[in-house]
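*Asks:* Pasting the sequence and the predicted coordinates here, then a few questions.
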Amino acid sequence: MNLSLTPQLEQFIRERAESGDYNNASEVVREAIRVFKRTEEESALKLKQLRAAVQVGDEAIAGGDSISFRSDKELAEFFDRL
């Protein structure tokens, strides 16, 4: 695999490798990819959970289990009572 990086990214990778925290540039890139992968997986899980919550809400509304508010004041009063 061949990658093209901006000069700024190359400099960042070089600096991280030279900091002593990593043995070489490849380790820096591998760690960056691991972090990116973990972030993507966490985002996908959060999206899945959000979609499930929306589905529960949609089913509740379809079943008549909902409250309608005619004004912002009614909504605020509802939350004040919680």
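*Replies:* Right, received. Where do you want to start? Numbering: from 1, shown residues only.

*Asks:* just so I have it, where are all the helices in the protein?
*Replies:* Counting by DSSP state H, the chain has helices at residues 7-18, 25-62, 72-81.

*Asks:* of all these, which lies closest to Met1?
*Replies:* Met1 sits nearest to helix 25-62 of all the helices of the chain, at 10.5 Å, using CB to CB. All C-beta spots, glycine's among them, are computed from the backbone N, C-alpha and C.

*Asks:* Relative to Gln49, how far out is the residue most central in space within the chain?
*Replies:* By CA atoms, centre = their mean, the chain has its centre lying nearest to Ser43, at 3.8 Å. Counting by CB to CB, to the nearest Å, the separation of Ser43 from Gln49 is 11 Å.

*Asks:* repeat for Asp58
*Replies:* Distance from Asp58 to Gln49, counting by CB to CB: 15 Å.

*Asks:* cool, Gly64 as well?
*Replies:* Distance from Gly64 to Gln49, by CB to CB: 25 Å.

*Asks:* Comparing those two, which residue is more hemmed in?
*Replies:* Gln49 (10 against 6; other CB atoms under 10 Å).
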